[in-house]
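Asker: sequence and computational prediction follow.
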Amino acid sequence: MDIRQLSPRYAVSPQIGIEDIPAIQEAGFTTIICNRPDMEIPPSHAASVIEAAAKDAGLQFVVIPVTHHGLNVEMIEAQKAALDQSQGPVLAYCASGTRSSIVWALGQAKEMSADDIIAATTNAGYDLGGMRPQLNALAGD
C-alpha cells in the first residue's frame, strides 16, 4: 500500500483492497473516502466490499466517486465535509491517488495558499501546478 500524506489529517493512495484495512487502521486513520467509481474496478474491489470491511474494523467509510470529466462543486464540498467531520485522519483513494489529491486541493483553496497546496501535492508525488489558476479563482485571488 502506497499512502502519501498531503496534510496532517489527509492522505491519499492508489486503490486499496480489503487486505489493506488492518494496516490503514493501524496507521491511525479513522475515515476512508473512496473516490473511485465502481465502473472502473472488478467487483472484488467495489466500494461496498471495501466499505463492509472498513466498517467491520470500526472505520468510517464515505463514497464520493470522482471522474476527471465529472468533477463538480458538490463532490468538492462532500470531500471537504467528510474530512472536516472525521474524528481523525482521513485516507482517500482512487486509481492512483491523483483524483483524491485534486478534490482535496480544490476543497482547500479558501484555507491554504495555492503555493502551499501545490507544494503539499508535489511533495507527495502529484504535480498539480497546472491547477494554480483554478485554486486562485476558488480562493478569490
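Answerer: In hand now; what should we look at?
Asker: what's the helix-or-strand element of the chain with minimal mean pLDDT in contact with?
Answerer: The least trusted helix or strand in the chain, going by mean pLDDT, DSSP states H and E, turns out to be helix 132-139, with a mean of 91. The list of residues contacting helix 132-139 from outside it, by C-beta atoms under 8 Å, 6 or more residues apart in numbering, reads 105-106, 109-110, 113-114, 117-118. For the C-beta atoms, the positions are set from N, CA and C on the backbone; glycine is no exception.
Asker: and if you look at stretch 50-59?
Answerer: Around stretch 50-59, the neighbours that count as contacts under C-beta under 8 Å, 6+ apart are 16-18, 21-22, 24-25, 29-32, 34, 60-61, 63.
Asker: how near is G28 to I18?
Answerer: As for G28, its distance to I18 is 19 Å (criterion: C-beta to C-beta, to the nearest Å).
Asker: of the two, who's got more company?
Answerer: Set side by side, G28 and I18 give different neighbour counts by other C-beta atoms under 10 Å, the larger being at I18 (16 against 9).
Asker: what about stretch 126-141, distance to the chain center?
Answerer: Offset of stretch 126-141 from its chain centre (C-alpha atoms, centre = their mean, to the nearest Å): 17 Å.
Asker: in that stretch, what's buried?
Answerer: Neighbour counts using 16 or more other C-beta atoms under 10 Å place 126, 128, 131, 135, 138 of stretch 126-141 among the buried residues.
Asker: alpha carbons of stretch 86-100, as PDB, please.
Answerer: Listed in PDB are the C-alpha atoms of stretch 86-100, where the atom choice follows Å, rounded to 0.1, in the frame of the first residue of the first chain:
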ATOM      1  CA  SER A  86     -13.900  12.900  10.600                       C
ATOM      2  CA  GLN A  87     -12.900  12.200  14.200                       C
ATOM      3  CA  GLY A  88      -9.300  11.600  13.000                       C
ATOM      4  CA  PRO A  89      -7.000  11.300  10.000                       C
ATOM      5  CA  VAL A  90      -8.600  10.500   6.600                       C
ATOM      6  CA  LEU A  91      -7.300   8.300   3.800                       C
ATOM      7  CA  ALA A  92      -8.800   8.900   0.400                       C
ATOM      8  CA  TYR A  93      -8.200   6.600  -2.600                       C
ATOM      9  CA  CYS A  94      -8.800   6.300  -6.300                       C
ATOM     10  CA  ALA A  95      -6.800   4.600  -9.100                       C
ATOM     11  CA  SER A  96      -3.500   6.400  -8.400                       C
ATOM     12  CA  GLY A  97      -4.300   9.000  -5.700                       C
ATOM     13  CA  THR A  98      -4.400  11.800  -8.200                       C
ATOM     14  CA  ARG A  99      -8.200  12.400  -8.200                       C
ATOM     15  CA  SER A 100      -8.100  12.200  -4.400                       C
END
